[in-house]
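K.L.:
What follows is a predicted structure for the sequence shown.
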Amino acid sequence: MEIERKYLFNTIPFDLKQYPCNLIEQVYISTTPVIRARKKAPIDQINGEPSYILTIKSSGLLKREEYELLLTEDEYHSLLKKAEGNVITKKRYVIPLDSGLSLELDIFEGAFQGLIMGEIEFPSDEAANKYNPPEYISREVTFDTHFHNSTMSHMSESDISDMIKLAHTN
């Protein structure tokens, strides 16, 4: 079970050089149900090898089932050919927070350049509901499907432009 809240950032309040980072490329085979193929490659790590993952997610916004299966590089490239819509690329930084939580901060590239979004995964519904985000977070978008990667995968150029503008308004 995945329980997470999503947030937008207008600025980055961290020195990102001190946190681990992965370059992520992901595509969607289906958005109903969500079936995603992802390549995750470590940045600035000696001998870091990319991993390839197939993810299936149930419906839901704050809470949903998530299943992952490791893929080979060949299987990933085969799925890339079957994917439709936008390829989503982003740098993901993992930043430790209080109470054993971590912020996965995504700085989007390519068509979504200018979008900065973060996710915090929680151990329970209660912890997610009690959490008060820090002041440096611009806005919560957990329940706004515009900011779900599966939705973003099917946006037109003008929809992407509008969404990025929306992300930078408070």
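P.N.:
That came in fine, so what should we check first? Numbers count the residues shown, from 1 in each chain.
K.L.:
hey, let's count contacts and neighbours off CA atoms from now on
P.N.:
Fine.
K.L.:
contact partners of the longest strand along the chain?
P.N.:
As assigned by DSSP state E, the longest strand anywhere in the chain is strand 84-96. By C-alpha atoms under 8 Å, 6 or more residues apart in numbering, the surrounding residues in contact with strand 84-96 are 16, 19-29, 102-112, 149, 152-155.
K.L.:
quick one: strands adjacent to it?
P.N.:
strand 21-31 (antiparallel), strand 102-108 (antiparallel) (DSSP bridges).
K.L.:
Reformat those strands as CSV; add mean pLDDT and distance to residue 88.
P.N.:
Shown next, in CSV, are the strands paired with strand 84-96 (pLDDT from 0 to 100; distance: least, C-alpha to C-alpha, whole Å):
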stretch, mean pLDDT, distance to residue 88
strand 21-31, 95, 5
strand 102-108, 97, 8
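K.L.:
hang on, the earlier thing: buried stuff in the longest strand of the chain?
P.N.:
86, 87, 88, 89, 90, 91, 92, 93, 94, 95 (16 or more other C-alpha atoms under 10 Å).
K.L.:
For these, could you give me a markdown table that also reports pLDDT?
P.N.:
Formatted as a markdown table, those follow (pLDDT from 0 to 100):
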| residue | pLDDT |
| --- | --- |
| 86 | 95 |
| 87 | 95 |
| 88 | 97 |
| 89 | 97 |
| 90 | 98 |
| 91 | 97 |
| 92 | 97 |
| 93 | 97 |
| 94 | 96 |
| 95 | 96 |
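K.L.:
Show me which pair in those residues is furthest apart.
P.N.:
Maximum pairwise distance in the buried residues of strand 84-96, criterion C-alpha to C-alpha, is 27.0 Å, between 86 and 95.
K.L.:
Could you list the low-confidence segments of the chain?
P.N.:
Along the chain, the model assigns pLDDT under 70 to residues 44-47, 170.
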